[in-house]
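>>> my questions concern the predicted model and sequence given below.
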Amino acid sequence: MIKSETVRQILDHYRVIWALGHAQSVMGWDSETYMPEEGIKGRAVARAEIAQLIQRFMLDEKFVKLIERAEEEKDLTDVERGIIRTLKRDLKFYQRVPPEVVKELAKVTSEAFVAWREAKEKARFDLFAPYLEKIVELTKVVAEKLGYEEHPYDALLDLYEEGLTSRDVEAVFSVLEPGIKTLLNRLESRGWPKRHPLEEVPYERQKVEAAIMEVLELLGYPKSRFRIDVSPHPFTIGITSPFDVRITVRYRGVDFKEPLFSALHEYGHALYELNIDESLAMTPVGTGVSLGIHESQSRFMENVVGRSREFVAKISTILRKHLDFLAKYTDDDLFYYFNVVRPSLIRTEADEVTYNLHILLRYRLERLMITGEVKVSQLPELWNDEMERLLGVRPRNDAEGVLQDIHWSHGSIGYFPTYTLGNVVAAMIYYKHGKIRELVAEGNFAAVKEYLREKIHRWGSIYPPKELLLRSFGETYNAHYLVKYLDEKYR
Ligand code: MG
C-alpha cells in the first residue's frame with residue numbers, strides 16, 4: 001500500500017505524532033467520563049504540554065522537507081496522496097497563522113468559555129460580548145492568514161470541511177429554506193403532532209440503558225472494539241480507529257427518546273470509525289475525513305434509520321420489554337413520539353424538519369460578523385428577529401437565544417454549516433441506495449452497514465469530502481434530496 005520510500009519515512013516520523021494524539025484522546029475521554037472533578041488541574045496542564053509537543057514534531061524541519069519532497073513525486077498511490085494532503089492541511093495552519101495569534105486565541109477562548117458559562121446561566125450577553133469581540137477580531141486575522149478565493153468566511157469553513165465554500169452553503173440553503181418552510185406550513189395545516197405525552201414520562205436509567213444495549217446488539221456492534229459510557233455532553237471518540245471506538249450518552253431521567261436517539265446518533269459516528277480500513281490505522285488518513293461527512297453518518301443512523309416506521313417496528317418489542325410505561329402505546333404512537341415536529345428555540349432539541357433553520361440563522365450571523373457588517377453588540381437583537389422570521393418563535397432572553405451554543409466561546413466560527421451538510425448527505429445516501437427502508441424492515445442491518453462501509457467508511461481521509469462524494473455518488477451536497485426525504489416522510 002505504501003510504495004514511496006519518502007512516504008514510508010514520513011509515516012515513521014508521524015508515528016510519534018499519532019501516539020501523542022492517542023494519549024490526548026484517552027485523556028480527553030477520561031476527562032469527560034470518570035476523572036474526579038479536581039483532576040482537571042493536572043489534566044489541563046498535561047494536555048497543553050502534549051499539544052505543544054505535537055506542534056513541535058509537526059513543524060520539525062526534516063519532517064516538513066520530507067512532505068515537500070513527497071509532493072514532487074510522481075506515481076503516488078491514492079493512499080500516499082491522501083497522507084500528504086492531510087499532513088499539508090495540518091501544517092498550513094501552523095505555518096500561516098503566526099504563533100502569537102494562536103497563543104492569543106488559546107488564551108481568549110479559555111477565558112471566554114468561563115465567561116460564556118456564567119453569561120448563559122445569568123442570561124446576560126453583556127458578560128460574554130467583550131470576549132466574543134476579541135474572538136471575532138482574532139478569527140478575522142486567522143482567515144486572512146489562511147487565505148481564500150472569494151470570501152474570508154470560506155477560509156474558516158475549510159477548517160472544518162475541507163474545500164467547502166460560502167457558495168456551496170448558499171446553494172444548500174437556497175433549496176432548504178423554502179423547502180422546509182413550505183413543509184412546516186403543510187404540517188401546521190394538517191395538524192402533525194407537535195407534542196407527545198411520552199415527552200413528560202420519567203424513566204429509570206438502568207432500564208433505558210438495557211434497552212439501548214439491546215438495540216445496539218440488534219444493529220450488530222462489535223463487542224471487542226466498542227464501549228459506551230456516560231457524560232454530560234454525548235460524543236464519539238476513535239481512540240485507535242478501527243480498533244477502539246467509544247461513545248457516551250446522557251440520561252436526564254425524563255423523555256427516553258433523548259438517550260435512545262443520542263445513542264443511535266453517536267453509534268452512527270462510531271460505525272464510521274469502526275469500518276475504516278485496518279491498513280490505514282495510525283496513519284494521518286486513518287480517521288473520518290470531515291465533520292460534515294461524519295455528521296452524515298450519525299444523522300443517517302439517528303434519523304433515516306432510527307426514526308423510520310420500519311425501525312420502530314423492529315425495536316418496539318425491545319422497548320416494551322424494558323419500559324413498562326410503554327404497555328399502552330402502539331407502534332404508531334411511538335413513531336409520532338419519535339417524530340414530533342415543533343418550531344422551538346433550542347437547536348440541540350430541534351426535530352429533523354426545523355433543525356436546519358437553526359443552522360441557517362447561525363451561518364448568516366457568522367458571515368456578517370466576519371465581514372464586520374454586524375457588530376457583536378447587535379447579535380442578540382438580530383438573533384431574535386431572525387428566529388421569529390425563520391421559525392415564528394422569539395427567545396424571552398439571551399440564554400434561549402444567542403448564548404445557547406458553546407461553539408463561539410471555543411472560537412469555532414464556520415463549524416455550524418457542517419451539521420446541515422450532514423443532514424443533506426444522509427438524505428442523499430438514502431436515495432442513492434434506494435432500498436434502505438426495506439433492509440431495515442427485514443432487519444438486514446449488515447447490508448446497510450456494508451453499503452456505508454463501501455461508499456464512505458473504509459476510505460478514511462484518503463479523499464477530500466467532495467471527491468469522496470463524487471466518487472461514491474456522482475454528486476456532492478445536493479440539498480434537493482433532503483427536501484424530498486422530509487416531504488415524503490411527513491406527507
Ligand atoms: Mg454529531
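Here it is on my side, so go on. Numbering: from 1, shown residues only.
>>> just want the most central residue of the chain.
With distances taken as CA atoms, centre = their mean, Glu295 lies nearest the centre of the chain, 4.4 Å away.
>>> in three-state terms, label it for me.
Of the three states, Glu295 takes helix under DSSP: H, G, I helix; E, B strand; the rest coil.
>>> what's near enough to touch it?
His269, Thr418, Tyr419, Leu421, Gly422, Asn423, Val425 (CB atoms under 8 Å, 6 or more residues apart in numbering). Every C-beta, even on glycine, is put in place using the N, C-alpha and C of the backbone.
>>> for the helix or strand containing the second one, packing partners?
Spelled out, it's Thr418. Under the criterion DSSP states H and E, the helix or strand holding Thr418 is helix 417-433. Judged by 3 or more CB pairs under 8 Å, 6 or more residues apart in numbering; DSSP states H and E, helix 417-433 is in contact with helix 152-160, helix 166-190, helix 291-299, helix 355-371, helix 445-455, helix 465-473, helix 480-489.
>>> return the most buried member of those.
For the helices and strands packed on helix 417-433, the largest average neighbour count (mean count of other CB atoms under 10 Å) is found in helix 291-299, namely a mean of 26.
>>> any idea how far that one is from the chain center?
6 Å (CA atoms, centre = their mean, to the nearest Å).
>>> now the element after that helix, going C-ward?
Past helix 291-299, the next helix or strand by DSSP H and E is helix 309-322.
>>> pLDDT of the next helix or strand after that next one, averaged?
Per DSSP H and E, the first helix or strand lying C-terminal to helix 309-322 is helix 331-338. Averaging pLDDT along helix 331-338 yields 98.
>>> which strands and helices sit next to the top helix by length along the chain?
Longest helix of the chain, by residue count under DSSP state H: helix 5-33. Here helix 5-33 is seen to pack against helix 40-59, helix 61-72, helix 78-96, strand 226-230, strand 236-240, strand 244-249 when contacts are counted using 3+ CB pairs under 8 Å, 6+ apart.
>>> next, the distance between the ends of stretch 397-407.
Its start and end residues considered, stretch 397-407 measures 19 Å (CA to CA, to the nearest Å).
>>> could you chop this structure up by domain?
5-96, 166-489 (automatic domain parsing).
>>> show the pLDDT at Ser110.
Taking Ser110 on its own, its pLDDT is 87.
>>> before we move on, back to that, ok, the residue nearest to the centre of the chain to Arg252 distance?
Using CB to CB, to the nearest Å, Glu295 is found at 23 Å from Arg252.
>>> about what we covered before: list the buried ones in the longest helix of the chain?
6-7, 10-11, 14, 17-18, 20-21, 23-25, 27, 29, 32 (16 or more other CB atoms under 10 Å).
>>> and the residues you listed, which is the shakiest by pLDDT?
For these, the pLDDT minimum is Glu32, 91.
>>> residues in contact with the closest residue in space to it that isn't next to it in sequence?
In space, and not counting its chain neighbours, Glu32 is closest to Ser231: 4.4 Å by CB to CB, 6 or more residues apart in numbering. Ser231 makes contact with Glu32, Thr33, Thr248, Val249, Arg250, according to CB under 8 Å, 6+ apart.
>>> thinking again about what came up before, deepest of the helices and strands packed on helix 5-33, which one?
Most buried among these, counting by mean count of other CB under 10 Å: strand 244-249, with a mean of 22.
>>> partners of it in the sheet?
If you go by DSSP bridges, strand 244-249 pairs up with strand 226-230 (parallel), strand 236-240 (antiparallel).
>>> redo those strands as TSV? Include mean pLDDT and distance to Pro380.
Formatted as TSV, the strands paired with strand 244-249 follow (pLDDT from 0 to 100; distance: least, CB to CB, whole Å):
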stretch	mean pLDDT	distance to Pro380
strand 226-230	97	34
strand 236-240	97	32
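>>> go through those strands and name the closest to Arg47.
Closest to Arg47 of those is strand 236-240 (CB to CB; 14.1 Å).
>>> follow-up on the earlier one: of the contacts of Glu295, just say which sits nearest to Tyr148.
Using CB to CB, these come closest to Tyr148 at Thr418, 17.3 Å.
>>> if I look at the closest one, how far off is Leu403?
Per CB to CB, Thr418 is found 21 Å from Leu403.
>>> same thing with Glu438?
Taking CB to CB, one finds Glu438 at 44 Å from Leu403.
>>> next: Lys88.
Noted for Lys88: a distance of 37 Å to Leu403, by CB to CB.
>>> likewise Phe256?
For Phe256, the distance to Leu403 - CB to CB - is 28 Å.
>>> and Glu121, by the same measure?
Distance, Glu121 to Leu403, by CB to CB: 9 Å.
>>> among those two, which residue is more densely surrounded?
Leu403 (27 against 11; other CB atoms under 10 Å).
>>> for the residue nearest to that one when sequence neighbours are not counted, what are its contacts?
Nearest residue to Leu403 in three dimensions, chain neighbours excluded: Lys120, at 4.5 Å (CB to CB, 6+ apart). Each residue near Lys120 by CB under 8 Å, 6+ apart is listed here: Phe128, Ala399, Leu403, Gln404.
>>> contacts only, for the first one.
Contacts were defined as CB under 8 Å, 6+ apart; by that measure Phe128 touches Ala112, Ala115, Trp116, Ala119, Lys120, Leu403, Ser409.
>>> how far away is it from Pro232?
Where Pro232 is concerned, Phe128 sits at a distance of 20 Å (CB to CB).
>>> what does the third one give?
Leu403 sits 18 Å away from Pro232, going by CB to CB.
>>> thinking again about what came up before, possible to save the helices and strands packed on helix 417-433 as JSON lines with distance to Lys74 and mean pLDDT?
Putting the helices and strands packed on helix 417-433 into JSON lines (distance: least, CB to CB, whole Å; pLDDT from 0 to 100) gives the following:
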{"stretch": "helix 152-160", "distance to Lys74": "27", "mean pLDDT": "98"}
{"stretch": "helix 166-190", "distance to Lys74": "31", "mean pLDDT": "97"}
{"stretch": "helix 291-299", "distance to Lys74": "29", "mean pLDDT": "98"}
{"stretch": "helix 355-371", "distance to Lys74": "39", "mean pLDDT": "97"}
{"stretch": "helix 445-455", "distance to Lys74": "29", "mean pLDDT": "98"}
{"stretch": "helix 465-473", "distance to Lys74": "20", "mean pLDDT": "98"}
{"stretch": "helix 480-489", "distance to Lys74": "38", "mean pLDDT": "98"}
